[in-house]
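Participant: here you go, sequence then predicted model.
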Amino acid sequence: MLTKAELQRLRSLRDKKTREALGLFVVEGEKVVGELLAAGFPLEEIYATPEWPGRKTHIVTAAEMARASHFPTPSSVLAVGPIDRAPLPSGTLDRGLTLALDGVQDPGNVGTLLRLADWFALDRVVLSPDSADLFHQKTINASMGSFVRVRTHTADLAVALAGVAATTPILGCDLVGETVHELPALRDAVIVIGSEGRGLSPAVAARITRRVTIPRLGAAESLNAAVAAAIVCDNLRRAR
């Protein structure tokens, strides 16, 4: 049975400040919790109704799950895990393919970007501090398990990019630039995706060494951040 204090704590994890203060995040859903467990992620608490066939630490009723749930339609399982943010070591961006998110504020987009980084086997994802929280439930759910498979860091992008070796290109996705279809094979590169609304921030834009664009053939104003990143990553992988 859920106590009032437990229920309040679970619901409070919707708020980023509370998550950071407690060092915990919450995730809900049969598929995503199952994926985290399968990947060996150290979930601390698993609240589940009797219908959930997997591991559980607390058995709750459907009514209790409905009160604890962050969704209009609750699932049969809700889990709590520890927040662990890995610092970005110096020189890391010089090697391999990095996806850098410059103020991408929609958690669903951030989760989808983690998923495509997993799909294309990128070496890491770096989020600016003003991007959506990595531990937001929508981010984790949208990543479809890639949350635990992709190496992620949060860092001041302008500072991090300033330290990138001159031999490693920093590709800025923009409406103006060289066509992505002509990108050469790149073993090392940083792919920067800007905010959905404003694009690249001035401080980050100043660090871009090559601007790339996806040729527009129709009348759409722009592409979704995750769609644009997928097209760029696909072209980089095909070139290789």
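Facilitator: Perfect, thanks for sending it.

Participant: okay, and the beta partners of the residue lying closest to residue 87 once chain neighbours are set aside?
Facilitator: Using Cβ to Cβ, 6 or more residues apart in numbering and skipping residues adjacent in sequence, the residue nearest residue 87 is residue 153, 6.8 Å away. In this view, the C-beta of every residue, glycine as well, is placed from N, C-alpha and C. For residue 153, the beta-bridge partners under DSSP bridges are residue 126.

Participant: list the residues that contact residue 153.
Facilitator: 85, 86, 87, 88, 92, 124, 125, 126, 127 (Cβ atoms under 8 Å, 6 or more residues apart in numbering).

Participant: residue 155 is in contact with the second one, correct?
Facilitator: The reference is to residue 86. No. With contact defined as Cβ atoms under 8 Å, residue 86 does not reach residue 155; the gap is 10.1 Å.

Participant: more neighbours, these two?
Facilitator: A count of neighbours by other Cβ atoms under 10 Å puts residue 155 above the other of residue 86 and residue 155, at 18 against 10.

Participant: so what's that one up against?
Facilitator: 87, 88, 126, 127, 128, 129.

Participant: looking at these, which is nearest residue 43?
Facilitator: Among the contacts of residue 155, residue 127 lies closest to residue 43 (Cβ to Cβ), at 22.3 Å.

Participant: does the closest one touch residue 151 like I think?
Facilitator: No. Using Cβ under 8 Å, residue 127 is not in contact with residue 151; the gap is 11.8 Å.

Participant: between these two, who's got more neighbours?
Facilitator: residue 127 (25 against 15).

Participant: and the pLDDT for the more buried one?
Facilitator: Residue 127 is assigned 98 on the pLDDT scale.

Participant: strands along the chain, start to end?
Facilitator: 24-28, 45-48, 58-59, 77-82, 97-102, 124-127, 152-154, 170-179, 189-194, 210-213 (DSSP state E).

Participant: mean neighbour count, those: which tops it?
Facilitator: strand 97-102 (a mean of 27; mean count of other Cβ atoms under 10 Å).

Participant: run the chain-centre distance for it.
Facilitator: Counting by Cα atoms, centre = their mean, to the nearest Å, strand 97-102 is centred 11 Å from the centre of its parent chain.

Participant: ok, now stretch 66-73?
Facilitator: 23 Å.

Participant: just the mean pLDDT for that stretch, thanks.
Facilitator: Rounded mean pLDDT across stretch 66-73 is 91.

Participant: could you do stretch 188-197 as well?
Facilitator: Rounded mean pLDDT across stretch 188-197 is 93.

Participant: for that stretch, output the C-alpha coordinates as PDB.
Facilitator: In PDB, the C-alpha atoms belonging to stretch 188-197 read as follows (Å, rounded to 0.1, in the frame of the first residue of the first chain):
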ATOM      1  CA  ASP A 188      35.500  12.400 -36.500                       C
ATOM      2  CA  ALA A 189      33.000  15.200 -36.400                       C
ATOM      3  CA  VAL A 190      30.600  17.100 -34.100                       C
ATOM      4  CA  ILE A 191      27.000  17.500 -35.500                       C
ATOM      5  CA  VAL A 192      25.300  20.400 -33.900                       C
ATOM      6  CA  ILE A 193      21.500  20.600 -33.800                       C
ATOM      7  CA  GLY A 194      19.900  23.900 -32.800                       C
ATOM      8  CA  SER A 195      16.800  24.900 -30.900                       C
ATOM      9  CA  GLU A 196      13.400  24.100 -32.600                       C
ATOM     10  CA  GLY A 197      12.500  27.800 -32.500                       C
END
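
Participant: residues in contact with it?
Facilitator: 93-106, 109, 113, 157, 161, 164, 167-174, 200-201, 204, 208, 224-225, 228-229, 232-233, 236.

Participant: just give the nearest non-adjacent residue to residue 108, would you?
Facilitator: residue 142 (4.7 Å).
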